[in-house]
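Visitor: The following comprises the amino acid sequence and a computationally predicted model.
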Amino acid sequence: MNPILVILLQAAGSPSIFGSLFPLLLIFVVLYFFMIRPQAKKQKEQNKFIGGLEKGSEVVTNAGIIGRINKIEGEVVTLQIDQKTFIRILKVALSKEMTDSYLSRNASKEETSSE
């Protein structure tokens, strides 16, 4: 065998541990910034929303039911969905608040799409 070839083969050897772990670490970093971090931010906003609930706020449930908060008892919220119709649901089942700014944004989007 050629001695230069032997030296080159020995120098190439096995890849370093850093070289083999780098792609795996890169995948974890990408997953963190594109999946885990945004989900944690969204969960933090949801917890802030649930903590700031007040009587009289108009909200939407995860099922799409729109109602006004009538009573808050611990983790249970009583929603008034019609004149004499009340339902009791858990706070975690509330999706978002139906504020005037939210409704006006959606109305303006519908107007522009219908033109």
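Guide: Yep, it's here. Residues are numbered from 1 along each chain as shown.
Visitor: Just confirm Ala63 is within a helix.
Guide: No. Remark: Ala63 does not belong to a helix; assigned using DSSP: H, G, I helix; E, B strand; the rest coil, it is coil.
Visitor: so what's it closest to, chain neighbours aside?
Guide: Take Ala63 and drop its neighbours on the chain: the residue closest to it by C-beta to C-beta, 6 or more residues apart in numbering is Ala93, 7.5 Å away. C-beta: built from backbone N, CA, C; applies to glycine.
Visitor: Tell me who's in contact with that neighbour.
Guide: When contacts are counted by C-beta atoms under 8 Å, 6 or more residues apart in numbering, Ala93 touches 61-63.
Visitor: how does this structure divide into domains?
Guide: If you go by automatic domain parsing, the domain ranges for the chain are 3-48, 54-114.
Visitor: Dump those domains to CSV, plus mean pLDDT.
Guide: Shown next, in CSV, are those (pLDDT from 0 to 100):
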stretch, mean pLDDT
domain 3-48, 80
domain 54-114, 83
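Visitor: Out of those domains, which is the most enclosed?
Guide: For the domains of the chain, the largest average neighbour count (mean count of other C-beta atoms under 10 Å) is found in domain 54-114, namely a mean of 13.
Visitor: Helices along the chain, start to end?
Guide: Assigned by DSSP state H, the helices in the chain fall at 3-12, 17-31, 37-51, 100-114.
Visitor: can you dump the C-alpha coordinates of the second one into PDB?
Guide: What that stands for is helix 17-31. Below are the C-alpha coordinates for helix 17-31, written out as PDB (Å, rounded to 0.1, in the frame of the first residue of the first chain):
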ATOM      1  CA  ILE A  17     -18.500  13.300  18.400                       C
ATOM      2  CA  PHE A  18     -19.300  17.000  17.800                       C
ATOM      3  CA  GLY A  19     -19.700  16.400  14.000                       C
ATOM      4  CA  SER A  20     -22.100  13.600  14.600                       C
ATOM      5  CA  LEU A  21     -24.200  15.400  17.300                       C
ATOM      6  CA  PHE A  22     -24.300  18.800  15.500                       C
ATOM      7  CA  PRO A  23     -27.300  17.800  13.200                       C
ATOM      8  CA  LEU A  24     -29.200  16.400  16.200                       C
ATOM      9  CA  LEU A  25     -28.700  19.600  18.200                       C
ATOM     10  CA  LEU A  26     -29.600  21.700  15.300                       C
ATOM     11  CA  ILE A  27     -32.900  19.800  15.000                       C
ATOM     12  CA  PHE A  28     -33.700  20.400  18.700                       C
ATOM     13  CA  VAL A  29     -33.000  24.100  18.300                       C
ATOM     14  CA  VAL A  30     -35.300  24.400  15.300                       C
ATOM     15  CA  LEU A  31     -38.000  22.500  17.100                       C
END
